[in-house]
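any chance you can model this:
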Amino acid sequence: MITEHVLVHITSGQESAFEASVAQALPIITAAPGCHQAVVRRQFEDPSTYLLLIDWESVEAHMAFRQSDLFPKWKELTWAFYDQPAQVSHFHQPFLSQP
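Numbering: from 1, shown residues only. The predicted structure follows:
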């Protein structure tokens, strides 16, 4: 399993509208084959910055989502709020952890 890390900067003043729209959009991602969960977090220091964390079975599962009919629906609901392109990267599962 991998975690997709997406850092998104929203146009200032559009935070509430983005949050309402992303609430509609999250079920689209979680319906995708190979998606285990998705969460969105708002940054404390800059309330126009959000972090989307998505657990995928593999990078290939994420890429398949981007090629599916679900992706344009996600894009339509969220991308209009982006102030700049999202920063996307993928992380392996933790190699160290503490309870």
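
contacts, neighbours, all on C-alpha from now
OK.

quick check on residue 70: phi, psi?
Dihedral pair for residue 70: phi -70, psi -30, per degrees, to the nearest 10.

show me the contacts for it.
28, 29, 32 (C-alpha atoms under 8 Å, 6 or more residues apart in numbering).

only the buried residues of the helix or strand containing residue 16, if you could.
Residue 16 is part of helix 15-30 when elements are defined by DSSP states H and E. Neighbour-count burial for helix 15-30 flags 15, 18, 19, 21, 22, 25, 26, 29, 30 (criterion: 16 or more other C-alpha atoms under 10 Å).

just stretch 6-17 next, same as before
For stretch 6-17, using 16+ other C-alpha under 10 Å, the buried residues are 6, 7, 8, 9, 10, 15.

likewise stretch 32-46?
For stretch 32-46, the neighbour count (16+ other C-alpha under 10 Å) marks 32, 34, 35, 36, 37, 38, 40 as buried.

hang on, the fifth one packs against residue 52?
What it means is residue 37. No - with contact defined as C-alpha atoms under 8 Å, residue 37 does not count as touching residue 52 (10.6 Å).

before we move on, the earlier item: how about JSON lines for the buried residues of stretch 32-46, with secondary structure, pLDDT and distance to residue 46 added?
Converted to JSON lines, the buried residues of stretch 32-46 look like this (DSSP: H, G, I helix; E, B strand; the rest coil; pLDDT from 0 to 100; distance: C-alpha to C-alpha, whole Å):
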{"residue": "32", "secondary structure": "coil", "pLDDT": "97", "distance to residue 46": "30"}
{"residue": "34", "secondary structure": "coil", "pLDDT": "97", "distance to residue 46": "31"}
{"residue": "35", "secondary structure": "strand", "pLDDT": "97", "distance to residue 46": "28"}
{"residue": "36", "secondary structure": "strand", "pLDDT": "97", "distance to residue 46": "28"}
{"residue": "37", "secondary structure": "strand", "pLDDT": "96", "distance to residue 46": "25"}
{"residue": "38", "secondary structure": "strand", "pLDDT": "97", "distance to residue 46": "21"}
{"residue": "40", "secondary structure": "strand", "pLDDT": "97", "distance to residue 46": "15"}
